[in-house]
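Trainee: make a model of this:
(chains A and B)
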Protein chains: 2
Amino acid sequence: MALLVCKFGGSSVASIDKIKNVALRLKDMQSQGNELVVVVSAMGDTTDELLELAGAISDRNSAREMDMLLATGEQQSAALLALTLNNMKCPAISLSGWQAGIKTDGIHSKARITGIKPERIHNDLALGSIVVIAGFQGLSPEQNITTLGRGGSDTTAVALAAALGADRCLIFTDVNGVYTADPRIVQDARKIDRISYEEMLEMASLGAGVLQPRAAEFAMHYNVDVEVLNTFNHQSGTIITEVGKMEKQRIVSGIAHDFNVARIALFDVPDQPGVAMTIFKVLAESKINVDMVIQGGMRSNRNDIAFTIERDELDKALPLVNEVVAKIGASGMSYGQDVAKVSIVGAGMQSNPGVAAAMFEALADAEINIHMISTSEIKVSCIIDEDEVNKAVQALHAKFRLSEVE
Amino acid sequence: MALLVCKFGGSSVASIDKIKNVALRLKDMQSQGNELVVVVSAMGDTTDELLELAGAISDRNSAREMDMLLATGEQQSAALLALTLNNMKCPAISLSGWQAGIKTDGIHSKARITGIKPERIHNDLALGSIVVIAGFQGLSPEQNITTLGRGGSDTTAVALAAALGADRCLIFTDVNGVYTADPRIVQDARKIDRISYEEMLEMASLGAGVLQPRAAEFAMHYNVDVEVLNTFNHQSGTIITEVGKMEKQRIVSGIAHDFNVARIALFDVPDQPGVAMTIFKVLAESKINVDMVIQGGMRSNRNDIAFTIERDELDKALPLVNEVVAKIGASGMSYGQDVAKVSIVGAGMQSNPGVAAAMFEALADAEINIHMISTSEIKVSCIIDEDEVNKAVQALHAKFRLSEVE
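Mentor: I've put the predicted structure just below:
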C-alpha cells in the first residue's frame, strides 16, 4: 500500500464536472490500494474574482486581510471535492491549511512553510478517508491565516509528502509532463521521463511552468519523488528525483525559455568602488530580483552597466533606477521589454566542457545575436531578442538532438 | 466608553458600496468613543451560489463538508469589511469563528454555541482595532468548522455580546425596528421603542422576522440589551430588554402573523390510550415541530385529530402521516396550506384577563372564522384562513389601539 500526495491545480477543479473527473480518478487510485492525501487549488476563476472585489476597495490592501479573503477559495474547492467523493461512496474529509497542521511564518501573501503537524491527517487516513487539503495556505505563529504566494499549492503538496513520508507526490496539471522544449515551439519536443531535482529547479526557474521553483526546491531538500502528469489523460508523466536514481544522464536535458525579462542599461557610470553596487542595493531593498549583469570596461574611467529583471517588475524599478542615475552622476539610462532568455539545462554539463560553446555555435549558425550570458553548473542562459526565441529554441533542440529517445 | 457588538446581515454587505456604507457608520461610531466588535453575514447571494455548486453534486450532501463550504462566505465578507475599514485609516482585523474563540457542539449545519473564549478579541480591541468576526460559524470539539443554521449571525452577535460583557448588541437590518404589526398590512403600524425579551421571543417565533428566535432566547438568558435598527438610516430602533427596564407595560404590544403554516387532520382515530400520541412521536423523531393540536371528542369511541406544522415541512411529513393512518386504523386524512396564524403578543396580558376574549370578538366582528387557538402567558394565536390574514391583522391592530403612541 502506497501513500500518495496528489495535487490538482485550479484548471483541474474549475467546474463541478471537472471536480467529478478528479474524484473518479482518485477513487480509482484508492481502489488500487493507495492511501491518498489530495491538495487542491481554488476553482478556476475564484481567486481572480476575489481579487477583483478587493480591488474595488483599494489597490494597496492589507496583506493579512487579503490572505483571509483568498484562503477561502481553496477551502471551497476542498469541500466540493470531498462532497463529490462522499457522493461516490468514497469516504473523504476536507481540511483547511490550519486544520491540516500546516505552520508558516508570518509573512502574509508569501509565507513560507515552517513545519507540519500531520497527526490529524494520519488519523483521518487511518479511518479510510481520502484527505482533501486546501492548498496555498497555512497558519502563522500569531494564529493568522497565511497564503504561500504564487504556486503555493505545489509547495503545500511537496511539503506534505515530505512530512507524511509519502511514497510519491503527484502534481496533476494540464500538460503531460516536462518536455525537452515547449511543444508549441518545437514540434518534435519529447516528454522527459525522469529529470533530476537540480535540472527541474533550473527548468522551473527558467520558465518551464509545470512545477513552481519553490516546490522543486522543497522536493530536492526533502528528497521527495515528484511526478508531474496530466489530469485529463492516463499517460505516465515526468518523474523528478535525485540524480542517483536516474538510469542515464544526458548532457543537456531540455531547453527552457522565458519572456518575463526586461533589460535596463545605465550609461557612463563613474568607475569608483561601490558606485555600481548602489543600483543593486536599491533594487534589492525593493525586493526586485536582478538576474544577469554585464559591466563593460570600454573606457578608462567610466562604465556602462546593463542588467535584466523580471518584466513585470519594470514599472516598480524604473523610478528607482532614475533616482540612482541622478544620484551617482551617470549620463543616462535605457530600458526595453524586447528581450527574452533561452537556456540549456542538463546535469551532465558539469563534467562535459564545451557545452556552452556548442550552444553559442548553434545560435551563431542561426544568426541570433547574444546580448548577455550567464552560467551555472547545470545550465547556460543567453539573453537574445524576443522575436528570435522560437528560432533559438528550435536550433538548440536540434543541436543537442533532444528529440532522440534516451 | 461603551463596548458595542454590531451585526450586519447579508443585505447590508451585499456589495462593496454597501460595505463602504457600513464601514463609514462604524468609523463614525468609533469616533464617538465606542469599542466595536462587528459580526457579518455572507454577502447577498454568496451562500445561494455556494448551495447551487453543492446542489450540482448531490441534494443530500454531508453536513460537515457543507459547513466547510458555507463558512467561507462569512470569512470573505469579514475580510472585505476589514479591508475597507483599513483603507479608511481605521484599524480593523477580521477573525473567523474559530479565531474568535467561538466553540460549538458538533451538530453540523445547526450547531449550538457552547462557549466563547474571548481573549483574542480583547487583545485586538486593546490594540485599538475594530474586530470584524465572521458570523454563523464556530469550531466543534473535533476541531471541525460548524455553522449555526438559519439566522446564526444574530446568535453569534448576541452570544459575543454576552461573553464580552458588551454594553449593547446592535442588530442592523433593512427595517427600522420591530413594529406593532407588519407595516405592509397595517398603514398606521407604529415602531415599538422597547419590547421585553419574552415578547420579542414570541414575536420572533410568530413570524416577525427582524431577530432570530434563538438570538432572542440567548439575549433573554444572558440579559443582553439588543437594539434592532436600520443600516440605511440613522433613526433609533427597537430596544429589546428585560421587563423591569421598560417604562410602561402595554397589555398588547404587537400583532404577529405567520404564513409558514400547514394543517393536517386525521379522521376517526381509535379512542384508545396512546394511539393519538403515535403520530406525534413519529413526527418528533423526524424533527418536525407540531404547533397547535385539537382533538374533537364528537363521537363515543372515535376521534378526529387536527394539528399544524411548518408549511415547508409538509412534504417530509405527509408520507409519515400516511403510514401512521394505516397503522392505527384511522379512516383517512386531509391536509392544506390554505391557513395562517395571527397572534397578539404582550407581557401585560398575564395580569389582564379578557384579552383573549377581546381578540375573538374582534375577529368575529370582522367575520373571520377561527379554526384553532393556542395561548401562552403572553400571547394568543389563532389559525384562520390564509386569505383573511390582512383583514385580521388590521382588525386586531385597531381593536387594541396599537397606533396610539405609548
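Trainee: how many other residues sit next to residue A:305?
Mentor: Counted with other Cβ atoms under 10 Å in any protein chain shown, residues neighbouring residue A:305 total 20. No exception for glycine: its C-beta is placed from N, CA and C like everyone else's.
Trainee: how about low-confidence regions in the stretch 301-406 of chain A?
Mentor: Within the stretch 301-406 of chain A, the ranges that satisfy pLDDT under 70 run A:301-302, A:406.
Trainee: all helices for it, in order.
Mentor: With helices called from DSSP state H, counting those that start in this stretch, the stretch 301-406 of chain A shows them at A:314-328, A:355-365, A:389-399.
Trainee: give me the buried positions along the first one.
Mentor: Neighbour-count burial for helix A:314-328 flags A:314, A:317, A:321, A:324, A:325, A:328 (criterion: 16 or more other Cβ atoms under 10 Å in any protein chain shown).
Trainee: can you check the second one too?
Mentor: Residues of helix A:355-365 classed as buried: A:355, A:358, A:359, A:362, A:363 (neighbour count, 16+ other Cβ under 10 Å).
Trainee: which residues does it contact?
Mentor: A:251-252, A:344, A:346, A:349, A:370, A:373, A:375, A:380, A:382, A:384, A:392, A:395-396, A:398-400 (Cβ atoms under 8 Å, 6 or more residues apart in numbering or on different chains).
Trainee: take those residues and keep only those in strands.
Mentor: A:344, A:373, A:375, A:380, A:382, A:384 (DSSP state E).
Trainee: show the buried residues in the residues you listed.
Mentor: Buried, going by 16+ other Cβ under 10 Å: A:344, A:380, A:382, A:384, out of the ones in strands among the contacts of helix A:355-365.
Trainee: would you confirm that the first one contacts residue A:378?
Mentor: No: judged on Cβ atoms under 8 Å, residue A:344 makes no contact with residue A:378 at a distance of 9.4 Å.
Trainee: now the helix or strand of chain A with the lowest mean pLDDT against strand A:372-376, angle please.
Mentor: Lowest on mean pLDDT, DSSP states H and E among the helices and strands of chain A sits strand A:290-296, with a mean of 80. Put simply, strand A:290-296 runs at 120 degrees to strand A:372-376, going by axes from the mean of the first three to the mean of the last three Cα atoms, to 10 degrees.
Trainee: which residues are contacting the helix or strand hosting residue A:268?
Mentor: Assigned by DSSP states H and E, residue A:268 falls within strand A:262-270. Contacting residues not belonging to strand A:262-270 are listed as A:275-276, A:279, A:301-311, A:313-314, A:317-318, A:321, A:324-325, A:328-337, A:339, A:371, A:383 [Cβ under 8 Å, 6+ apart].
Trainee: quick one: distance of the least confident helix or strand of chain A to the chain centre.
Mentor: Centroid separation between strand A:290-296 and its chain, computed with Cα atoms, centre = their mean, to the nearest Å, is 23 Å.
Trainee: neighbours around the residue in the stretch 201-350 of chain A that chain B sits nearest to, how many?
Mentor: Here the residue of the stretch 201-350 of chain A nearest chain B is residue A:231; by Cβ to the nearest Cβ that distance is 18.4 Å. Neighbours of residue A:231 under the rule other Cβ under 10 Å: 19.
Trainee: that one touches residue A:12, doesn't it?
Mentor: Yes: counting by Cβ under 8 Å, residue A:231 touches residue A:12, with 4.2 Å between them.
Trainee: overlap in contacts, those two.
Mentor: By Cβ under 8 Å, 6+ apart, the residues touching both residue A:231 and residue A:12 are A:21, A:22, A:172, A:173, A:174.
Trainee: flag every residue of chain A that's near chain B.
Mentor: A:16, A:19-20, A:50, A:53-54, A:56-58, A:61-62, A:64-66, A:68-69, A:71-72, A:75-76, A:78-80, A:82-84, A:86-87, A:93-94, A:96, A:99, A:120, A:143-145 (Cβ under 8 Å from any Cβ of the partner chain).
Trainee: please check those residues and keep the buried ones.
Mentor: Using 16+ other Cβ under 10 Å as the burial test, those include A:16, A:19-20, A:50, A:53-54, A:56-57, A:61-62, A:64-66, A:68-69, A:71-72, A:75-76, A:78-80, A:82-84, A:86-87, A:93-94, A:96, A:99, A:120, A:144-145 as buried.
Trainee: just those: which are in strands?
Mentor: Short answer: these in strands (DSSP E) are A:93, A:94, A:145.
Trainee: of the residues you listed, which is the nearest to chain B?
Mentor: Looking across these and measuring by Cβ to the nearest Cβ, the closest to chain B is residue A:94, at 5.2 Å.
Trainee: can you tell me how far the closest one is from residue A:28?
Mentor: According to Cβ to Cβ, to the nearest Å, residue A:94 stands 20 Å off from residue A:28.
Trainee: also residue A:118?
Mentor: Taken as Cβ to Cβ, the span from residue A:118 to residue A:28 is 25 Å.
Trainee: neighbour count: those two, which is higher?
Mentor: For the pair residue A:118 and residue A:28, the greater number of neighbours falls to residue A:118 (18 against 11), based on other Cβ under 10 Å.
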